[in-house]
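Chemist: everything below, folded, please.
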Amino acid sequence: MTQVLAQVKNQVDDQRRYDVDWLRTLAFGLLILYHVGMYYVADWDWHIKSGQQSVWLQDLMILTNQWRMSLLFLISGIALSLVLQQHKFSRWRLSGLRTNRLLVPLIISMYIIVPPQLFYELQQQHGLTMSFWAFLQEYWNVDTNLAPFKQSSIGLLTWNHLWFLPYLWAYSLVVLLLFPFFNNLGTGLHKLNLQLWLVFGFLVMAMALIWVSLRETYPVTHALLDDWYSHAKYFLAFVFGVLLAFVKGVWQQIIQGRRVLLVIAVLGYSWLMFDRHGFLDVGDELDGLIIIKLIHGVLLSLNYWAWILVVVAYAGHYLNFTNRFLTYANQAILPWYIFHQTLIVVFAMQLLPFNLPAGIEAPILILLTSLGCLLGYELVRRFSLSRWLFGLKVIRTKKE
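Modeler: Numbering: from 1, shown residues only. Here you go, the predicted structure:
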């Protein structure tokens, strides 16, 4: 019996893609570094800003800001597809789980986790003088008159950095509803023995058309209902993840082609930097032409997809293993994501009076945020109610 159980466990382990788990963990970890960067980077709006701002930091952050969230949607698509292919849960059951684990944390976080971000933003940038408790009463009041320029149809309530959760929920429901179609499509694509570069070319052209046709007309809002450029971009990444889990031959080709993809990615980023710093200026009379916009869109898309696939490739080659940290992080990642930006804002404001050099302050801020995420997860995971509120699986103890 022991041998049989061991064989079953090995088969389950063989089916799991630990590289996907690592990608999810590392991508969310990158958010801490990126959002700390947003505090220091010059000219880019954020909730609060350091007095020590850096222009050169823009070039470093541009390396990931085009594709970092798309990577998360792609990973989420892969994970959902793998679960569906294993037939462990019905689509109805998965819809309920997704709703419970994404919307419940979103709603509770809008009320109790996000408010400090807006409080300190209004305090630093708009001269707010009321206490935090007085602010909370206004924040929770849908009919408040405070800061009308920050209000929506639900007053000051906002999801800020948690916009990823409702977007992921919506995309998941679409795929779950239409999964018979995606299942047939994925199975058919698998039988075609597609070549990586054909798939890569399709993805680049699709993203280029999205960029040219939607980016200017529908600026990014993260408001869900009117964010059509973002939806086209992120849903494409999500669906590609869903289908990539079927077309494992292409996945393997991505891993094997990692060096070529890395060269394309580096060249794409280099072009982006040359263009950004004015070395490739074609002039105003040409810049408005649709052909120039399309070429620009293709080059941007090459850079975008090359970096996404490079990260997937190197994770697949080097990170398809598990350890105790990964097991822990898989459970903790959602609470970490929920807490991290509020912690950055709160700790940054507490460090501000010390006037520390940015080279000292930034590492302290990263360390404090990481520790805060760790302690926050350790707190919420210990109680059934808090586990449910923050998207963790509720552990039910068996009655004797």
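Chemist: use CA for all of it now, contacts and neighbours both
Modeler: Will do.
Chemist: going along the chain, name the helices of the stretch 101-250 of the chain.
Modeler: 115-126, 132-139, 164-177, 179-191, 196-214, 228-244, 248-256 (DSSP state H, counting those that start in this stretch).
Chemist: okay, now the unreliable bits of this structure?
Modeler: Residue ranges of the chain with pLDDT under 70: 1-15, 281-288, 396-400.
Chemist: element containing the residue minimising distance to the centre of the chain, please.
Modeler: Most central in the chain under CA atoms, centre = their mean is residue 69, positioned 3.5 Å from the mean C-alpha point. Assigned by DSSP states H and E, residue 69 falls within helix 68-85.
Chemist: now the angle from that helix to helix 179-191?
Modeler: Relative orientation of helix 68-85 and helix 179-191, computed by axes from the mean of the first three to the mean of the last three CA atoms, to 10 degrees: 100 degrees.
Chemist: what's the spacing between helix 68-85 and its chain's center?
Modeler: 11 Å (CA atoms, centre = their mean, to the nearest Å).
Chemist: before we move on, what about stretch 347-357?
Modeler: So, by CA atoms, centre = their mean, the centroid of stretch 347-357 is 28 Å from its chain's centroid.
Chemist: okay, how far is it across that stretch, tip to tip?
Modeler: 15 Å (CA to CA, to the nearest Å).
Chemist: and what of stretch 54-73?
Modeler: One end of stretch 54-73 sits 30 Å from the other (CA to CA).
Chemist: contacts for it?
Modeler: With contact meaning CA atoms under 8 Å, 6 or more residues apart in numbering, stretch 54-73 is reached by 24, 27, 34, 37, 40-43, 168, 233-235, 237-238, 241, 269, 273, 304-305, 307-308.
Chemist: list only buried entries from the residues you listed.
Modeler: 24, 27, 34, 37, 40-42, 168, 233-235, 237-238, 241, 269, 273, 304-305, 307-308 (16 or more other CA atoms under 10 Å).
Chemist: contact partners for residue 78?
Modeler: Contacts of residue 78 (CA under 8 Å, 6+ apart): 20, 238, 241-245.
Chemist: any idea how far the residue nearest to the centre of the chain lies from residue 27?
Modeler: From residue 69 to residue 27 the distance is 8 Å (CA to CA).
Chemist: which outside residues touch stretch 128-148?
Modeler: With CA under 8 Å, 6+ apart, stretch 128-148 has contacts from 111, 115-116, 119, 122-123, 154-157.
Chemist: give me the distance from it to the chain's centre.
Modeler: In this view, stretch 128-148 has its centroid 29 Å away from the chain centroid, taken as CA atoms, centre = their mean.
Chemist: using CSV, write out every CA atom in it.
Modeler: C-alpha atoms of stretch 128-148 as CSV (Å, rounded to 0.1, in the frame of the first residue of the first chain):
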residue,chain,number,x,y,z
LEU,A,128,-5.2,67.0,4.2
THR,A,129,-5.1,67.7,7.9
MET,A,130,-7.8,65.5,9.5
SER,A,131,-7.0,62.5,11.6
PHE,A,132,-6.9,59.0,10.1
TRP,A,133,-10.1,58.0,12.0
ALA,A,134,-11.9,61.1,10.7
PHE,A,135,-10.7,60.3,7.2
LEU,A,136,-12.0,56.7,7.5
GLN,A,137,-15.5,57.9,8.3
GLU,A,138,-15.4,60.0,5.1
TYR,A,139,-13.8,57.2,3.1
TRP,A,140,-16.6,54.8,4.1
ASN,A,141,-19.3,57.3,3.4
VAL,A,142,-20.5,57.0,-0.2
ASP,A,143,-22.0,60.5,0.0
THR,A,144,-18.9,62.2,1.3
ASN,A,145,-17.8,65.6,0.1
LEU,A,146,-14.1,65.0,0.8
ALA,A,147,-11.8,65.1,-2.2
PRO,A,148,-14.4,65.1,-5.0
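Chemist: any buried residues in that stretch, and which?
Modeler: Under 16+ other CA under 10 Å, the buried positions of stretch 128-148 are 128, 132, 135-136, 138-140.
Chemist: ok, residue 25 - contacts?
Modeler: 326, 329-330, 333.
Chemist: how does it look with 7 Å?
Modeler: 329, 333 (CA atoms under 7 Å, 6 or more residues apart in numbering).
Chemist: try residue 52
Modeler: 40, 358.
Chemist: so it lies in a strand, does it not?
Modeler: No: assessed with DSSP: H, G, I helix; E, B strand; the rest coil, residue 52 is coil; it does not lie in a strand.
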